[in-house]
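K.L.:
Predicted model, plus sequence, below.
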Amino acid sequence: MDSLSIIGLIVGFGAIFAGQQLDGGHLDTILNAVAFLIVLGGTLGAVMLQTPFRTFMRALQMLKWVFIPPKQPLEATLDKIIEWNQIARKEGLFKLETVAILEDDLFTQKGLQLIADGASPEMIREVLENDLDIQEYRDIQSAKVFDAMGGYSPTIGIIGAVLGLIHVMGNLADPSSLGAGIAVAFIATIYGVAFANLLFLPIGNKLKALIDNRSHMQTMLIEGLIGVANGDNPRNIETRLQAYLN
């Protein structure tokens, strides 16, 4: 669980609600279902229109990473690489096929299987780096879905504001109905800006940072597997990969 994301969410929205209270206002004055529907529904609709289905669904799957990020144990991965190297040097590269079956990560499985099959280090690097590039590109495109939501949200908020003002202008003869229209107008603008800057853009940036961290770990893994395939000394592999931990 990423406690920093939870704290950030609480601090961000809490500051707005606290400021509203300290300024003499009430929370119910900034809670408006109509404005919420306009901003959130309009933003989702715009993003769905521009995004391929698989990319959109992948973005929804990745959303949980903000609070439960994927494990990226660099130290544990380095220890595994050294262990694989020792197995390969003592029992032969083909023994890594058994090790690959026990690994949960498909990327790691593929690398170990390539070594066990006798693939050259150059081929192993080419295959794994190609997989890494494709995976990184796919996930970055999915993370950009939230960037797009952050771009559309303020504009949809302005649309909500205009709709509220249109409602006001159409009911000038009925003063009792003016308050609701004005409330929608201003609150929709607040929602649009707040959702963009407190939710959508931070989520997009957090996901891209996590993707970058994962790519960093997988790059270290590739270098380690190449060392195993070459039969390098375990100490040399560890020394070379220590830079990734720092």
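P.N.:
Here it is on my side, so go on. Numbers count the residues shown, from 1 in each chain.
K.L.:
going forward, measure contacts and count neighbours with C-alpha atoms only.
P.N.:
OK.
K.L.:
Model confidence for the residue positioned nearest the centre of the chain, exactly?
P.N.:
Geometric centre of the chain, nearest residue: Leu207, 2.1 Å, by Cα atoms, centre = their mean. Note on Leu207: pLDDT of 97.
K.L.:
Quick check: which element contains it?
P.N.:
Using DSSP states H and E, Leu207 sits in helix 201-230.
K.L.:
next structured bit after that helix?
P.N.:
helix 234-245.
K.L.:
who touches that next one?
P.N.:
Contact with helix 234-245 is made by 74-75, 78, 82, 85-86, 216-217, 220, 223-224, 227, as judged by Cα atoms under 8 Å, 6 or more residues apart in numbering.
K.L.:
rerun at 10 Å
P.N.:
Residues outside helix 234-245 that contact it (Cα atoms under 10 Å, 6 or more residues apart in numbering) are 73-75, 78-79, 81-86, 89, 216-217, 219-221, 223-228, 231.
K.L.:
same question, stretch 73-89
P.N.:
For stretch 73-89, using Cα under 10 Å, 6+ apart, the contacting residues are 90-96, 99-100, 112, 115-116, 213-214, 216-218, 220-225, 227-238, 241-242, 244-246.
K.L.:
Kindly write the PyMOL command that selects the buried subset of these.
P.N.:
Buried residues among the contacts of stretch 73-89 (16 or more other Cα atoms under 10 Å), as a PyMOL selection:
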select buried, resi 93+94+95+96+100+112+115+116+214+217+218+220+221+222+223+224+225+227+228+229+231+234+237+238+241
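K.L.:
ok, back up a step: which strands and helices sit next to the helix holding Leu207?
P.N.:
The elements that helix 201-230 packs onto, with contact taken as 3 or more Cα pairs under 10 Å, 6 or more residues apart in numbering; DSSP states H and E, are helix 3-22, helix 53-62, helix 74-91, helix 106-116, helix 121-169, helix 234-245.
K.L.:
how about a cut-off of 8 Å?
P.N.:
helix 74-91, helix 106-116, helix 121-169, helix 234-245 (3 or more Cα pairs under 8 Å, 6 or more residues apart in numbering; DSSP states H and E).
K.L.:
Of these, which is nearest Leu201?
P.N.:
Leu201 lies closest, by Cα to Cα, to one member of the helices and strands packed on helix 201-230: helix 121-169, at 5.2 Å.
K.L.:
picking up where we left off before, check contacts around the residue nearest to the centre of the chain.
P.N.:
By Cα under 8 Å, 6+ apart, the contact set of Leu207 is 62-63, 65-66, 143.
K.L.:
Dump those into TSV; add neighbour count as well.
P.N.:
Below are the contacts of Leu207 laid out as TSV (neighbours: other Cα atoms under 10 Å):
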residue	neighbour count
Met62	17
Leu63	18
Trp65	18
Val66	21
Ala143	28
